[in-house]
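Participant: requesting a structural model of the entry that follows:
(one chain, ligands or ions: 1)
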Amino acid sequence: MSNTEVMSMSFEPGAALADGTIPLCVPHLNGNEWRYVKECLDSNWVSSAGPFVSKFEESLASYVGAKYAVATVNGTAALHVALLVAGVEPGDEVILPALTFIAPANAVRYAGAWPVFIDVDRNHWQLDPEKVEQFLAQQCDWVDGELRNRSTNRRVKAILPVDILGHPVDLDAIITLARRFELAVVEDATESLGAKYKEKRVGQHSDLVCFSFNGNKIITTGGGGMVVTQDPVLAEKTRYLTTQAKDNPIEYIHGEIGFNYRLTNVQAAMGCAQMEQLDDFVETKRENARKYISALADLPGISTMSEADWANSAWWLFTVVVDPKHSGFSRPDLFGALSREKIQARPLWQPLHKSPAHAGSEAFRVEVADSIHEHALSLPSSVGLSGEEMARVVAAVHNLAKSVA
Ligand SMILES: *Cc1c(COP(=O)(O)O)cnc(C)c1O
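Facilitator: Here you go, the predicted structure:
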């Protein structure tokens, strides 16, 4: 057998690892990634200048329907700088959902501000506009033209919705509140890249929208991020802060403390190749979610996030909720059964009002986030997941249900 035959045999379709484990979510690098990265190496453009950086920015901006984009070193850096650009200052408060990955809350603290954690809604698991309104209308006062949280006396400056697991937040409701209470909206759309809100792609609605391209996201550059906006002034300020706030690039004069948050050309080259496949990735994720939903439909006590009639979710990680009263088994039972079958699964993030890292922050009416967190488990969701692999996952859930029936 020739070397090339052996090589091609080791690249069977599917997402399974060498030992047969089905991973939770791994990158899909079957496009022009090699070619574009090689172009960087061949041309010596490996660092943060080079043609792929602006190509990647233009490609993502036009895909999501935003006018401007600034690439960053990762998604957390994108969030940090977007908050600064939105005018968040030390001692301010920023409204966040209680159920999200920790990065956006950490970014608020990097800016010297404080998160206020508000509950998510029961159907779509996103920041609940009704509770946000209750907090703003009932817990805050206008003092000398500034909105202040009565219990902390801090200025409330921004709302940071996070589109968790691929489903957009109710953007019209959040943005209407933001206008009424004079708040900026910095959206974390990492997990909803390619999703639609009322027929329009996520990324064009909020003042500033952030993305991450870490290894397990919808597209990946290894590590990377982006800030997009419709506003040329916000875009310019973002680029300024991510590139060391350089006023004069010849004389090295810097107007303020900036950051080195740039993405490299090599990473952007991967990003360009991934963008070419993004539509296929999102279509596959939506198709896989539909297949999971129908394959699990007859199991009592197993449900998933419902897709709003105003949303097309990107279904980043397909996540089930186990109701032990009806399923006869708990979320940890399901996790154990899947592990025994070499299937990776993952609980959602600890709700942030319970996180030791954010112990000093306020939470408002968090009731739903805890119960979703207690019962939710994400199932393998790689774009490359084969039909056979999905059948293994589905069979493992059915077998557990049978064993307790
Ligand atoms: C992964 C993720 C981030 C963090 O992005 P990094 O690129 O890892 O810094 C931020 N927000 C959300 C919602 C994420 O899923």
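Participant: which neighbouring elements make contact with the biggest helix by length in the chain?
Facilitator: Secondary structure of the chain per DSSP state H: the longest helix is helix 265-296. Other elements packing on helix 265-296 under the criterion 3 or more C-beta pairs under 8 Å, 6 or more residues apart in numbering; DSSP states H and E are helix 33-43, helix 51-64, strand 302-304, helix 387-404. For every residue, glycine as well, the C-beta is placed using N, CA and C.
Participant: closest one to D279 among those?
Facilitator: helix 51-64 (8.7 Å; C-beta to C-beta).
Participant: for that closest one, buried residues please.
Facilitator: For helix 51-64, the neighbour count (16 or more other C-beta atoms under 10 Å) marks 52-53, 55-57, 59-61, 63-64 as buried.
Participant: isn't A86 right up against A158?
Facilitator: Yes. The pair A86 / A158 is scored as a contact, 5.2 Å apart, by C-beta atoms under 8 Å.
Participant: overlap in contacts of those two?
Facilitator: 184, 186 (C-beta atoms under 8 Å, 6 or more residues apart in numbering).
Participant: residue of the stretch 151-300 of the chain closest to the ligand, please.
Facilitator: S212 (3.1 Å; C-beta to the nearest ligand atom).
Participant: so what's the residue count around that residue?
Facilitator: For S212, the count of nearby residues is 29 (other C-beta atoms under 10 Å).
Participant: for the residue nearest to it when sequence neighbours are not counted, which residues are in contact?
Facilitator: Of all residues not flanking S212 in the chain, G75 sits nearest, at 2.4 Å (C-beta to C-beta, 6 or more residues apart in numbering). By C-beta under 8 Å, 6+ apart, G75 lies in contact with 103, 188, 190, 210-214, 217, 224-225.
Participant: the residues you listed: which two are farthest apart?
Facilitator: D188 and G224 (14.8 Å).
Participant: enumerate the residues of this protein near the ligand.
Facilitator: 74-76, 100-101, 103-104, 162, 188, 190-191, 212, 214, 223, 225 (C-beta under 6 Å from any ligand atom).
Participant: how about 5 Å then?
Facilitator: Counting by C-beta under 5 Å from any ligand atom, the residues of the chain lying close to the ligand are 74-76, 101, 103, 162, 188, 190, 212, 214.
Participant: identify the farthest-apart pair in the residues you listed.
Facilitator: Within these, two members stand farthest from each other by C-beta to C-beta: N74 and V162, at 15.6 Å.
Participant: between the two, who's got more neighbours?
Facilitator: Set N74 next to V162 and count neighbours by other C-beta under 10 Å: V162 wins out with 26 against 20.
Participant: for the ligand, give me its nearest residue in the protein.
Facilitator: Of all residues in the chain, G75 sits closest to the ligand, at 2.7 Å by C-beta to the nearest ligand atom.
Participant: report pLDDT for that residue.
Facilitator: pLDDT recorded at G75 is 98.
Participant: quick one: it and W114, what's the gap?
Facilitator: Noted for G75: a distance of 21 Å to W114, by C-beta to C-beta, to the nearest Å.
Participant: show me what the one helix or strand A71 maps to is packed against.
Facilitator: Assessed by DSSP states H and E, A71 sits inside strand 68-72. Applying 3+ C-beta pairs under 8 Å, 6+ apart, we find strand 68-72 packed against helix 51-64, strand 225-229, helix 232-242.
Participant: now the helices and strands packed on helix 265-296 as CSV including mean pLDDT?
Facilitator: Shown next, in CSV, are the helices and strands packed on helix 265-296 (pLDDT from 0 to 100):
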stretch, mean pLDDT
helix 33-43, 97
helix 51-64, 98
strand 302-304, 97
helix 387-404, 97
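Participant: among the helices and strands packed on strand 68-72, which is nearest G336?
Facilitator: strand 225-229 (34.9 Å).
Participant: the closest one pairs with which strands, and in what direction?
Facilitator: Using DSSP bridges, strand 225-229 pairs in its sheet with strand 68-72 (antiparallel), strand 208-212 (antiparallel).
Participant: relative to helix 51-64, how tilted is the first one?
Facilitator: In other words, strand 68-72. Calculated by axes from the mean of the first three to the mean of the last three C-alpha atoms, to 10 degrees, strand 68-72 forms an angle of 130 degrees with helix 51-64.
Participant: what sits up against strand 68-72?
Facilitator: Contact partners of strand 68-72, identified using C-beta under 8 Å, 6+ apart, comprise 53, 56-58, 60-61, 78, 81, 224-232, 234-235, 238-239, 242, 261-263, 268, 271.
Participant: ok now stretch 63-74, how far from the chain's centre?
Facilitator: On the basis of C-alpha atoms, centre = their mean, to the nearest Å, stretch 63-74 sits 14 Å off its chain's mean C-alpha point.
Participant: before we move on, what about stretch 328-345?
Facilitator: 25 Å.
Participant: could you list the buried residues of that stretch?
Facilitator: For stretch 328-345, a neighbour-count test (16+ other C-beta under 10 Å) marks 328-329, 331, 333-335, 337-338, 341, 343-345 as buried.
Participant: how about residues contacting that stretch?
Facilitator: 19-24, 300-301, 320, 322, 324, 347, 374-380, 392-393, 396-397, 399-401, 404-405.
Participant: now the buried members of those.
Facilitator: 22-24, 301, 320, 322, 324, 375-380, 392-393, 396-397, 400-401.
Participant: helices of the stretch 301-405 of the chain, residue ranges please.
Facilitator: Remark: helices assigned in the stretch 301-405 of the chain by DSSP state H, counting those that start in this stretch are 324-327, 331-340, 368-375, 387-404.
Participant: er, the stretch 1-150 of the chain actually
Facilitator: Under DSSP H, counting those that start in this stretch, the stretch 1-150 of the chain gives helices at 3-9, 33-43, 51-64, 75-85, 103-110, 129-139.
Participant: ok, which of these comes nearest R286?
Facilitator: helix 51-64 (16.3 Å).
Participant: and I174, what element?
Facilitator: helix 171-180.
Participant: helices or strands up against the helix or strand that comes right after that helix?
Facilitator: Using DSSP H and E, the helix or strand that follows helix 171-180 in sequence is strand 184-188. Judged by 3+ C-beta pairs under 8 Å, 6+ apart, strand 184-188 is in contact with helix 75-85, strand 156-159, helix 171-180, strand 208-212.
Participant: in JSON lines: the ones you listed, plus distance to M305.
Facilitator: Compiled in JSON lines, the helices and strands packed on strand 184-188 are given as follows (distance: least, C-beta to C-beta, whole Å):
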{"stretch": "helix 75-85", "distance to M305": "21"}
{"stretch": "strand 156-159", "distance to M305": "21"}
{"stretch": "helix 171-180", "distance to M305": "17"}
{"stretch": "strand 208-212", "distance to M305": "20"}
